[in-house]
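> coords below, sequence missing:
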């Protein structure tokens, strides 16, 4: 039971493990799809807001008050004319920045921070707008440490470029929109190498925001959709996320799944990362319930199968024990029966021998007595002739008795006909497979041409069957019987003939008994009669052939039956009488 239980436990464990990894893959795939949706939505939001800014800038150029104030570089007029429009854009569309710069890129007015002006604007979007003389947009870090989507466009009138207008929105507004759309939290991280610490702290004070410069060693958080980042989000986690991995955390009865997107500025340079966090608490609970259910069902099924196997095996074992006991009883009965039969045979043989001795002894005693009388009365011719007549009569009685015994024990007729050896072998193999219980492979090797000999097919089948039975008894379970037919000259006379050999893959025959295998009634098996191989030898002699045996160097034993190519008898007589058989057997 233990091996089966271990295999069953391994299968159930593999099933539960596979279910777990499939759930993990489904969870990771869902987050990957959500991250891809975030990246796509970021691009869509950037394009939408950029188009909005471009449309607003185009509209402002058509407002006479704003256009005149900018043309006159009148800062107060610009604040008065553009201030209401900026407030409306800020409240309705999230626009957080509006700059008016002169042709030399010196700031004329910041509507979002009117107290700061007169500095030169050297950001890449502004520089590229003046250099290429066309609108430029992209994400950029501001002077106050904010990450902003900016649109910078030249302001043209009839006299040419009057300056440059810059409009922007902090990425926090964009992050919040994506959070509401996709139900994910976003954390915007900027590499500290692109943001001086003084600008960062100045921006916190000026914009009245909160932040922690020292939370991460290489990056700082500039925007987020959640009020608080997870406590487990640290430098090592950021390194893993930046390498393409995902992370799962548990915090305040929540299960959070994190991934990361690169954050590039207007020049295409990676300035930070966008961490995407998804709350998978409901999914995780469902996942845990599924795994628990699968595990419990697997355990129940395993216990059921194990119990069923146990009861089935117990029943089989009981049946086997009963069968074993019955076979033991039958074996004991069979042994006793064989012993009784042997005793009966010996008794019958003793009776028969005694009867034969009695039948022969009586006439012989008379012959001896009459011969003695004839010797004493040799001078009386008449009496001597009478005594000799009695002696002849007694001899005739003995001859008649012996003739009757020979008729009782005579052998069947030996009839030869042209026979295809391959057909004889195939028929014998078929009979062997139908008779022997253990299925042993039989390999047959025949010449390409038919081999037809004049022989007694019945006797040859009987001899071949005896050889195959002996080979089957000597061959182990993994072995096979090989039957081969090949031409071979007689080793002494050189007469043409054929060898029909039967080879087994057993242990071979012990050398001390190899010369005794053809002795009648000699056997090494308890159930054997010792007549099988003598019969094979007798059949070979009837066909004027011979049989040989040898142990092979590679293992096993080979019996070879040599048969002559020529007909055993004259062509006109294919039937051998019992007298001939007795004469051949006597040889």
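Structure received. What you see is a predicted model; the values in this text were computed from it and never measured.
> what's the pLDDT at residue 39?
According to the prediction, residue 39 has pLDDT 83.
> check which element follows the strand or helix carrying it along the chain.
Element membership for residue 39 (DSSP states H and E) is helix 2-60. Following helix 2-60 in sequence order, the next helix or strand is helix 64-71 (DSSP H and E).
> other SSEs contacting that next one?
helix 75-93, strand 147-157, strand 160-170 (3 or more Cβ pairs under 8 Å, 6 or more residues apart in numbering; DSSP states H and E). For every residue, glycine as well, the C-beta is placed using N, CA and C.
> where do the helices sit along the stretch 351-500 of the chain?
Counting by DSSP state H, counting those that start in this stretch, the stretch 351-500 of the chain has helices at residues 381-408, 421-435, 457-474.
> over to the stretch 151-300 of the chain?
Going by DSSP H, counting those that start in this stretch, the stretch 151-300 of the chain shows helices at 171-182, 197-207, 235-242, 281-376.
> which helices and strands sit right next to the third one?
Contacting helix 235-242 under the criterion 3+ Cβ pairs under 8 Å, 6+ apart are the following elements: strand 247-251, strand 254-264, strand 270-279.
> so for it, mean pLDDT?
89.
> residues making contact with that helix?
With contacts defined as Cβ atoms under 8 Å, 6 or more residues apart in numbering, helix 235-242 is touched by 189, 216-219, 247, 258-260, 273, 275.
> in it, which residues are buried?
237-238, 241-242 (16 or more other Cβ atoms under 10 Å).
> want to try a markdown table for those residues, with distance to residue 373 as columns?
Shown next, in a markdown table, are these (distance: Cβ to Cβ, whole Å):
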| residue | distance to residue 373 |
| --- | --- |
| 237 | 136 |
| 238 | 139 |
| 241 | 136 |
| 242 | 137 |
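> which member of the residues you listed is positioned nearest residue 417?
residue 241 (93.9 Å; Cβ to Cβ).
> let me see the domain layout of the protein.
Domains of the chain are assigned by automatic domain parsing as 2-279, 285-408, 414-586.
> among the helices and strands packed on helix 64-71, which comes closest to residue 497?
Residue 497 lies closest, by Cβ to Cβ, to one member of the helices and strands packed on helix 64-71: strand 147-157, at 105.6 Å.
> which of the residues in that closest one are buried?
147-155.
> where in the stretch 451-587 of the chain is pLDDT low?
In the predicted model, the stretch 451-587 of the chain carries pLDDT under 70 at residues 521, 526-529, 567-587.
> quick revisit: and which of the buried residues of helix 235-242 is nearest to residue 269?
Each of the buried residues of helix 235-242 was scored against residue 269 by Cβ to Cβ, and residue 242 proved nearest at 15.4 Å.
> ok so, going back, please identify the most buried of the helices and strands packed on helix 235-242.
Most buried of the helices and strands packed on helix 235-242 by mean neighbour count (mean count of other Cβ atoms under 10 Å) is strand 270-279; its value is a mean of 21.
> by contact count, what packs against that one?
helix 2-60, strand 185-191, strand 219-224, helix 235-242, strand 254-264.
> ok, 6 Å please
In terms of contacts (3 or more Cβ pairs under 6 Å, 6 or more residues apart in numbering; DSSP states H and E), strand 270-279 is packed against helix 2-60, strand 185-191, strand 254-264.
> now residue 266. Its backbone dihedrals?
When read as degrees, to the nearest 10, the backbone of residue 266 gives phi -60, psi -20.
> I figured residue 471 hits residue 501, correct?
No: the pair residue 471 / residue 501 is not scored as a contact, 10.5 Å apart, by Cβ atoms under 6 Å.
> least reliable of the domains of the chain going by mean pLDDT?
The bottom spot among those, by mean pLDDT, belongs to domain 285-408, with a mean of 74.
> how far does that domain sit from its chain's centre?
54 Å (Cα atoms, centre = their mean, to the nearest Å).
> on that earlier part again, what's the angle from the helix holding residue 39 to strand 247-251?
With axes from the mean of the first three to the mean of the last three Cα atoms, to 10 degrees applied, the angle from helix 2-60 to strand 247-251 works out at 90 degrees.
> list the helices and strands helix 2-60 packs on?
Where contact means 3+ Cβ pairs under 6 Å, 6+ apart, helix 2-60 is packed against strand 147-157, helix 171-182, strand 254-264, strand 270-279, helix 281-376.
> picking that back up, between the helices and strands packed on helix 235-242, which gets nearest to residue 288?
The closest of these to residue 288 is strand 254-264. By Cβ to Cβ, the value is 9.5 Å.
> and the contacts of the closest one?
31, 35, 39, 230, 241-242, 246-249, 270, 272-281, 284 (Cβ atoms under 6 Å, 6 or more residues apart in numbering).
> now the two most distant members of the contacts of helix 235-242.
217 and 259 (20.9 Å).
> hang on, the earlier thing: adding distance to residue 296, write the helices and strands packed on strand 270-279 out as CSV.
Output for these, formatted as CSV (distance: least, Cβ to Cβ, whole Å):
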stretch, distance to residue 296
helix 2-60, 10
strand 185-191, 35
strand 254-264, 22
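> tell me the contacts of the nearest residue to residue 123 once chain neighbours are set aside?
Using Cβ to Cβ, 6 or more residues apart in numbering and skipping residues adjacent in sequence, the residue nearest residue 123 is residue 140, 5.5 Å away. Counting by Cβ under 6 Å, 6+ apart, residue 140 makes contact with 123, 125, 150, 265-266.
> repeat the analysis, applying 10 Å as the threshold.
With contact set as Cβ atoms under 10 Å, 6 or more residues apart in numbering, residue 140 has these partners: 123-126, 146-150, 152, 168, 194, 265-267, 271.
> widest-spaced pair of those residues?
Greatest spatial distance in the contacts of residue 140: 152 and 194, 19.1 Å, computed using Cβ to Cβ.
> related to what we said a few turns ago, so for residue 524, which of the helices of the stretch 351-500 of the chain sits nearest?
Smallest distance to residue 524 across the helices of the stretch 351-500 of the chain (Cβ to Cβ): 10.4 Å, for helix 457-474.
> got the angle between that closest one and helix 421-435?
If you take the same axes, to 10 degrees, helix 457-474 sits at 50 degrees to helix 421-435.
> buried stuff in helix 457-474?
Quick answer for helix 457-474 (16+ other Cβ under 10 Å): 457, 459-461, 463-468, 470-472, 474.
> same list (these) but as TSV, adding distance to residue 439.
Output for the buried residues of helix 457-474, formatted as TSV (distance: Cβ to Cβ, whole Å):
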residue	distance to residue 439
457	26
459	27
460	24
461	20
463	23
464	19
465	16
466	19
467	18
468	13
470	17
471	14
472	10
474	16
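> closest one of those residues to residue 492?
Of all the buried residues of helix 457-474, the one with the least separation from residue 492 (Cβ to Cβ) is residue 463, at 21.4 Å.
> check contacts around that closest one.
Applying Cβ under 10 Å, 6+ apart, the residues contacting residue 463 are 428, 456, 500, 502, 532-533, 535-540, 542-543, 547, 559, 561.
> do that again at 8 Å, thanks
Shown in contact with residue 463 (Cβ under 8 Å, 6+ apart): 535-536, 539-540, 561.
> any chance of TSV for the helices and strands packed on helix 64-71, columns distance to residue 5?
Shown next, in TSV, are the helices and strands packed on helix 64-71 (distance: least, Cβ to Cβ, whole Å):
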stretch	distance to residue 5
helix 75-93	69
strand 147-157	61
strand 160-170	64
